[in-house]
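Enquirer: Based on what follows, work out the 3D shape:
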Amino acid sequence: MTSSVTPLKVLFIGGTGTISASSVRLAVAQGMEVFVLNRGRNVKGRLLPEAVKWLTADITNRDSVATALGDLQFDAVVNFLGYSAEDAAEAVGMFRNKTSHYIHISTASLYQKPILQVPIVESNLRQNRFLHYARKKIDAENFLMQAHVDEGFPVTIVRPSHTYDEANPPLAGGWTIFDRIERGAEVVVHGDGTSLWTLTHAADLAQGLVGLLGNQRAVGEAFHITSDDVYTWDQIYTLVGDAVGVPANLVHVPSEFFPIAAPDWGWSELFVGDLGHSAIFDNSKIRRYVPGYAPNRTFIRTVVEMAQWRRDHPAEAAGDPTVEGIIDRMANGYYDSKKIFEGLAPSGEHK
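Expert: This next block holds a predicted model:
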């Protein structure tokens, strides 16, 4: 007598980004029936398994999603693209009758800043008054949890922190930073470069995320999923220099300068509201629900693979001229301010 086990049927919304691609690969490797819904097969240099079943739709258009899904039902739906309370409301409407487990990808940036005690646990106050992105994510979490209370919507919240892979360096400025370090140009570092920061490889995060899929004990719960790989920001940039064989030329700029001098740069708000504060996480909760969760990828090793990926994919890993200009402006502005402060500039520059 033989028996068969029906594989878990999972829908990933997004599926080709830094976090989602690793999760898709692992879900397929574990024998799940995997669907990916997005607007097209732009894999951004990240290859996905042939077994993936593609659905084409715009998640912001409920009619197109309904057409793509038809009468499909899923054991779990993972939404990497939900952002605001409005997005959450749309998701509840689209998936309340489509799945018994809905996973919303939030962010670990939403915890209170400044951080008053580490390690951070899931019950820490969710209040980041500096970061608009975090406040929107909090609104989305609140709506989904209220839907769980009011109607039993089967939501689980997952909060990644700074997650990267070989195709997406965890640096303010991305591949532009590699370019600048390699040619000996200055790289601006927020603050004094000593705040502690947790980096999580996407393949490690996928262990925890995929381990939660279909787990009804996780419904109504929130988890941050990070590694225990912690560095100062000076160390992070120094390791990039080691990987390309050129010492990193670092210029330390107060975090508060960035929103003033570069308000047009998306990273500027992050320096004040997130990256400028030490972030170390307690992962006890995800380990209780996914006992096999054991992140093992370190940046000190992966940065070498990242440098190789850059050599192999020059088009995808090209620097950004706009970011180059911002970094030059920040470095030059810092030096000009320093001269004025030290009284070394001509008197006319004091005005």
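
Enquirer: In a helix, S123, correct?
Expert: No. Secondary structure of S123 (DSSP: H, G, I helix; E, B strand; the rest coil): coil, not part of a helix.

Enquirer: So for it, what's the pLDDT?
Expert: In this model, S123 is scored at 96, pLDDT.

Enquirer: cool, L47 as well?
Expert: 80.

Enquirer: next one: G17
Expert: Looking at G17, the pLDDT reads 88.

Enquirer: can you count the residues close to the closest residue to it other than its chain neighbours?
Expert: Distances taken as CB to CB, 6 or more residues apart in numbering put F80 closest to G17, at 6.2 Å, once the chain neighbours are dropped. Placement of C-beta: from N, CA and C, glycine included. Applying other CB atoms under 10 Å, we find 23 residues neighbouring F80.

Enquirer: for the one 10 residues further on, same thing?
Expert: Burial measure for E90: 17 neighbouring residues, criterion other CB under 10 Å.

Enquirer: any idea how far H148 is from the closest residue to it other than its chain neighbours?
Expert: Nearest-residue entry for E90: R62, 6.3 Å, with adjacent residues in sequence omitted and distances by CB to CB, 6+ apart. R62 is 21 Å from H148, where distance means CB to CB, to the nearest Å.

Enquirer: The two: which has the busier surroundings?
Expert: H148 (19 against 14).

Enquirer: ok, the more buried one - contacts?
Expert: Neighbouring residues of H148 by CB atoms under 8 Å, 6 or more residues apart in numbering: 154-155, 219-220.

Enquirer: and with 7 Å instead?
Expert: Shown in contact with H148 (CB atoms under 7 Å, 6 or more residues apart in numbering): 155, 220.

Enquirer: so it sits in a helix?
Expert: Yes. Counting by three-state DSSP, H148 is part of a helix.

Enquirer: Can you name the residues that contact the residue nearest to G17?
Expert: 13-14, 17, 19-20, 105.

Enquirer: at 10 Å what do you get?
Expert: Contacts for F80 (CB atoms under 10 Å, 6 or more residues apart in numbering) come out as 12-21, 23, 38, 59, 103-105, 158, 160, 209.

Enquirer: and those residues, which of them are in helices?
Expert: 18-21, 23, 209 (DSSP state H).

Enquirer: Switch the residues you listed over to JSON lines; also include neighbour count.
Expert: Listed next are these as JSON lines, based on neighbours: other CB atoms under 10 Å:
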{"residue": "T18", "neighbour count": "20"}
{"residue": "I19", "neighbour count": "25"}
{"residue": "S20", "neighbour count": "25"}
{"residue": "A21", "neighbour count": "27"}
{"residue": "S23", "neighbour count": "29"}
{"residue": "L209", "neighbour count": "28"}
